[in-house]
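Chemist: Give me a model of this one.
(2 chains)
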2 protein chains.
Amino acid sequence: MARNLLRAAAALTVATLVGCAAPSLQVAEMGSFHVGGRTVTLSGLPAKELVFTPGAPPLKLDPNGDFEVEALYARYTRLSNPKAKFPLLLWHGGGLAGTTFETKPDGQPGWENFFLRAGYDVYVSDAVERGRASWARYPEIFKSEPFFRPKKEAWELFRIGDTDSYATDPARRRALPGTQFPVAAFDQFATQAIPRWGTNDAATQAAYDAYVDKVCPCVIVVHSQGGNFAFNSALKYPQKVKALVAVETSGSPNPDTYDFSRVKGVPMLWVWGDNLGKFAFWERIAAQQEKFRNSLVRAGGKGERIVLPEIGISGNSHMLMMDRNSDQIAALIDQWLARQGLRN
Amino acid sequence: MARNLLRAAAALTVATLVGCAAPSLQVAEMGSFHVGGRTVTLSGLPAKELVFTPGAPPLKLDPNGDFEVEALYARYTRLSNPKAKFPLLLWHGGGLAGTTFETKPDGQPGWENFFLRAGYDVYVSDAVERGRASWARYPEIFKSEPFFRPKKEAWELFRIGDTDSYATDPARRRALPGTQFPVAAFDQFATQAIPRWGTNDAATQAAYDAYVDKVCPCVIVVHSQGGNFAFNSALKYPQKVKALVAVETSGSPNPDTYDFSRVKGVPMLWVWGDNLGKFAFWERIAAQQEKFRNSLVRAGGKGERIVLPEIGISGNSHMLMMDRNSDQIAALIDQWLARQGLRN
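Modeler: Numbers count the residues shown, from 1 in each chain, chains lettered A, B, ... in the order given. This next block holds a predicted model:
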C-alpha cells in the first residue's frame, strides 16, 4: 500500500512537471465519426406551423421523411509515437457527454489530456441522445420524454455537498469538508449537463457495441451510468476489450446471469472516491458493484479495486476526473494498466 | 484569375502531400469550454413519473430547480508554433454542429485538419441548442418546439441533388451531375444532423458575442445560418474580428440599418459553390448577400467574393467543407487570409 502511494506520488510529480513544461504533443491524426444507429422513416405526421421571429408569419414545416438516428459520436486523437499498446476509450456517465473528460470546469487539463501526455491514443465519445451524437423526435422515435437534472440534484448525487447543502447563490452552498471538487467552478460544470432519456438503453448499447467493434482492441475507462454498457460490450467482445476501468460505475448487468467465464481474460479495475458511506444511494451502488466484482473474481477473472480513502487519498467526489487531484487518480489507473502489460 | 488558379493548384498539391506524408502536428494544448449562457430557475412544475425500463415501476422526478442554459461549447487546438497571427474560429450552419468541420462524412480530413496543418490555432464550436452546447426544456426555457430536418430536405437544400431527386434507397438517389459532394457518404453525413429551434436567435447571438469577447482577436470562418451571428459579432467587436470569411452564408443583418462604417477595418470574403442558379431559394439568398457585400464596399470596407465556377472550380454543394475538393477551397481561403496580412 505504501509502495502504491509512493508510486502515485512519483507519477503525480512527473505528470505535474509534464503539464508545466508543456512540451508539444506529437499528434499523427485527430478526427471524429458517428458509428451505429439506424434509418427511421416518419410518415402521416401533420405539417407544423413554426414562428421563427416574433411577429413574423408562421412557416409551414413537413416533419415527415427519413432520419438517421441513434448513432454514437466519437472524437479521437492519435499520437505519432504512442507508448500504450491500445487506444484508451473514455465513456461518460448519465446526463453528461464526452466533455466530462476534456478541460475541467476549473480550466485545468482533464483526463483526455493526461492520457494523451501519458502516451495513449485517446477516444472520447458522446453516447446516443447526448451531445454531438444528437437526439431524435419523441415519442415517435425515442419512446419517452427526456429529463433535465437540476443543479441541486447534481450537487448532491455527485457527492459535492450533502443533502440540502445546495443553494442557488454560490456563496451559500456548503460543500463536503475537504472536497477535492473545484467548488467555485460548479456552475461551469453545470453547463455540461445534457438531457437524458430513460428508455434508450437498447439503442445506446447497440451503438457502444458498434463502436467497440470498429475501434478496438482497446482499453475502456468508463464512468458512472456508462458501466452497464461497458460490461455488456466486454461480454460481447471479450477479445477486443483488453482492460476495463470502472470509475464509480453506478450499474452493471445482473451478476446472476452475466457470463463471467467469457470475460476472464479482461482485467477490470474499480475506482471509488470518498464519502460513499454518507449517502445510502452510493452505499447501495457500491455494494452492487462489489457483488459484480466478486463474481468476476470467483469465476477466475481479475477484478481489482482502489478505494481512494483507503490509500490515503481523501475528499474525492463522484466526478473524480474533475477533482483537483484528477491527475493523481489518472496516474493510479495508468500504473494499473502498465501492470497489466498494456504499456511499453 | 489564372494566377489565383495556379496558386490554388499549388496549395492543393502541398496540402495533399502534407496529408499523405502526415508529419506530426505539434500541439501545445487542446481543450474545451462553455461560454455565455445564464442561470434559470424553474418552479411550480408537477413531478413526473418516468418509466426507465418497460415493466419497471415508474420513478418520480421533480423537474424544478436551477439550470445553466444557453451557453456555447468550443473545442480548441493550439499549435506549438502557429504560422497564423490569430486563431481561426469555425462556425457551423443550421441544423448542424461543429462536426461540420471535423472528419468529412467520407472519412477524409476536413477543414479543422486543413487549417491546423496550415498553421492556424483552430476553434470549433457548437452554438446554443446544438451538440455539446446542449439544449433546454421547452416551452418553459426555450420558447418553442424544435424541428428535425428530414434527409430529403438536406439533400435538396444543400444542393446535392435537385428537387425530388432524393430516394430512401441510396442507389436510387440522383445527385446533380458532376457534384463534388461524396454522395455515397450522404447517410453518414445525415448522422450529424441536430434538431434546431427557430426562437433562440437572441440567446445564440449573446453566446457567440461572449465567445468572441473571450477568445479573439481572431479570424471567423462562418457557414450558412451562422452568417447572421458572425456579422453581428463583427459589428459588436470590430477590433477583435481580424477577418470574416462567409461561406455560403444564408443570412445577414438588414443592410439598410447595419452600421458598415464600424466594420470598415474587417476584411470580408464570400465564398460560393456551384449550381446556385438551379435553385430559386439560393438565387434569392445570394442576391441578399450581394446587397450586404456591396453596402460594405460602398461604405469603404473590403468585401470580396469567390464564386467557384467563375474560377473554373465546378460541382460544389452547399457543404463545401465536405466536398471532395474541400482542401482546394480551404487553400483559397488561406491564400486570401495571407493577402490580408494574417499569416507569417
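
Chemist: When you work out contacts or count neighbours from here on, use the C-alpha atoms and nothing else.
Modeler: OK.

Chemist: Walking through the stretch 151-300 of chain A, point out its helices one by one.
Modeler: A:151-157, A:186-190, A:201-215, A:226-236, A:280-298 (DSSP state H, counting those that start in this stretch).

Chemist: just the stretch 1-150 of chain A next, same as before
Modeler: A:2-21, A:111-117.

Chemist: what's around the one residue in the stretch 151-300 of chain A that gets nearest to chain B, how many residues?
Modeler: Closest to chain B within the stretch 151-300 of chain A is A:G198: 4.3 Å, counting by C-alpha to the nearest C-alpha. The number of residues packed near A:G198 is 18, by other C-alpha atoms under 10 Å in any protein chain shown.

Chemist: So for it, what's the pLDDT?
Modeler: Per-residue confidence for A:G198 comes out at a pLDDT of 90.

Chemist: Was I right to think it contacts A:K143?
Modeler: No. Counting by C-alpha atoms under 8 Å, A:G198 stays clear of A:K143, with 9.0 Å between them.

Chemist: any idea which of the helices of the stretch 1-150 of chain A scores lowest on pLDDT?
Modeler: Mean pLDDT is lowest for helix A:2-21 among the helices of the stretch 1-150 of chain A, at a mean of 47.

Chemist: Any stretches of the stretch 101-250 of chain A with poor pLDDT?
Modeler: Applying pLDDT under 70 to the stretch 101-250 of chain A flags no residue at all.

Chemist: Close to chain B: what parts of it are there?
Modeler: Taking C-alpha under 8 Å from any C-alpha of the partner chain as the measure of proximity, the stretch 101-250 of chain A contacts chain B at A:102-103, A:105, A:107, A:109, A:113, A:130-137, A:147-152, A:168, A:187-188, A:190-195, A:197-199.

Chemist: List only buried entries from those.
Modeler: Buried subset of these (neighbour count, 16 or more other C-alpha atoms under 10 Å in any protein chain shown): A:102-103, A:105, A:109, A:113, A:130-137, A:147-152, A:168, A:187-188, A:190-195, A:197-199.

Chemist: And the contacts of stretch A:165-172?
Modeler: Defining contact as C-alpha atoms under 8 Å, 6 or more residues apart in numbering or on different chains, one finds that stretch A:165-172 is touched by A:152, A:155-156, A:173-175, A:184, B:66.

Chemist: And it, what's buried?
Modeler: So stretch A:165-172, judged by 16+ other C-alpha under 10 Å, has buried residues A:166, A:168.

Chemist: Between the two ends of that stretch, how far is it?
Modeler: 8 Å (C-alpha to C-alpha, to the nearest Å).

Chemist: Next: stretch A:208-224.
Modeler: Chord length of stretch A:208-224, first to last residue, is 15 Å (C-alpha to C-alpha).

Chemist: so how many other residues sit close to the closest residue to A:L320 other than its chain neighbours?
Modeler: Leaving aside its sequence neighbours, A:L320 sits nearest to A:S326 (C-alpha to C-alpha, 6 or more residues apart in numbering or on different chains; 6.0 Å). The local packing of A:S326 (other C-alpha under 10 Å) involves 22 other residues.

Chemist: Quick one, grab the pLDDT at A:S326.
Modeler: On pLDDT, A:S326 comes in at 98.

Chemist: now do the one 4 residues further on
Modeler: At A:A330, the predicted lDDT confidence score is 98.

Chemist: before we move on, what SS does it have?
Modeler: helix (DSSP: H, G, I helix; E, B strand; the rest coil).

Chemist: Go through chain A and flag its longest strand.
Modeler: Assignment by DSSP state E gives strand A:25-35 as the longest strand of chain A.

Chemist: What strands flank it, and is each parallel or antiparallel?
Modeler: Paired neighbours of strand A:25-35 in the sheet (DSSP bridges): strand A:72-79 (antiparallel), strand B:25-35 (antiparallel).

Chemist: want to throw those into CSV with distance to B:G341?
Modeler: Output for the strands paired with strand A:25-35, formatted as CSV (distance: least, C-alpha to C-alpha, whole Å):
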stretch, distance to B:G341
strand A:72-79, 31
strand B:25-35, 23
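
Chemist: Return the most buried member of the ones you listed.
Modeler: For those, the largest average neighbour count (mean count of other C-alpha atoms under 10 Å in any protein chain shown) is found in strand A:72-79, namely a mean of 22.

Chemist: Compute the inter-axis angle for that strand and helix A:201-215.
Modeler: Angle of strand A:72-79 versus helix A:201-215, following axes from the mean of the first three to the mean of the last three C-alpha atoms, to 10 degrees, is 30 degrees.

Chemist: Mind listing residues that contact strand A:72-79?
Modeler: The contact list for strand A:72-79, computed with C-alpha under 8 Å, 6+ apart, reads A:25-37, A:116, A:119-128, A:132-133, A:204, A:207-208, A:211.

Chemist: same thing with stretch A:250-263?
Modeler: A:224-229, A:231-232, A:234-235, A:238, A:285-286, A:288-289, A:291-292, A:295-296, A:299-301.

Chemist: In PyMOL, select just the buried ones from these.
Modeler: To isolate the buried subset of these in PyMOL, counting by 16+ other C-alpha under 10 Å, use the following:
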select buried, chain A and resi 224+225+226+227+228+229+231+232+234+235+238+285+286+288+289+292+295+296+301
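
Chemist: so how far is B:A84 from A:G31?
Modeler: Noted for A:G31: a distance of 21 Å to B:A84, by C-alpha to C-alpha.

Chemist: Let me see the backbone angles for the residue nearest the centre of chain A.
Modeler: By C-alpha atoms, centre = their mean, the mean C-alpha position of chain A lies nearest to A:H92, the distance being 1.9 Å. Dihedral pair for A:H92: phi -80, psi 180, per degrees, to the nearest 10.

Chemist: list the contacts for it?
Modeler: Contacts of A:H92 (C-alpha under 8 Å, 6+ apart): A:98, A:100-101, A:125-127, A:222-226.

Chemist: Looking at these, which are in strands?
Modeler: Mapping the contacts of A:H92 onto strands (DSSP E) picks out A:125-126, A:222-223.

Chemist: What is the nearest of those to B:H318?
Modeler: Closest approach between the ones in strands among the contacts of A:H92 and B:H318, by C-alpha to C-alpha: A:D126, at 26.8 Å.

Chemist: Quick check, that closest one in contact with A:G95.
Modeler: No. Using C-alpha under 8 Å, A:D126 makes no contact with A:G95, being 10.8 Å away.

Chemist: Which one of the two is surrounded by more residues?
Modeler: Using other C-alpha under 10 Å, the more surrounded residue of A:D126 and A:G95 is A:D126, with 28 against 18.

Chemist: Any idea what the more buried one is bridged to?
Modeler: A:Y73.

Chemist: Give the full set of residues in contact with it.
Modeler: Under the criterion of C-alpha under 8 Å, 6+ apart, the neighbours of A:D126 are A:72-74, A:91-92, A:97-98, A:132-133.
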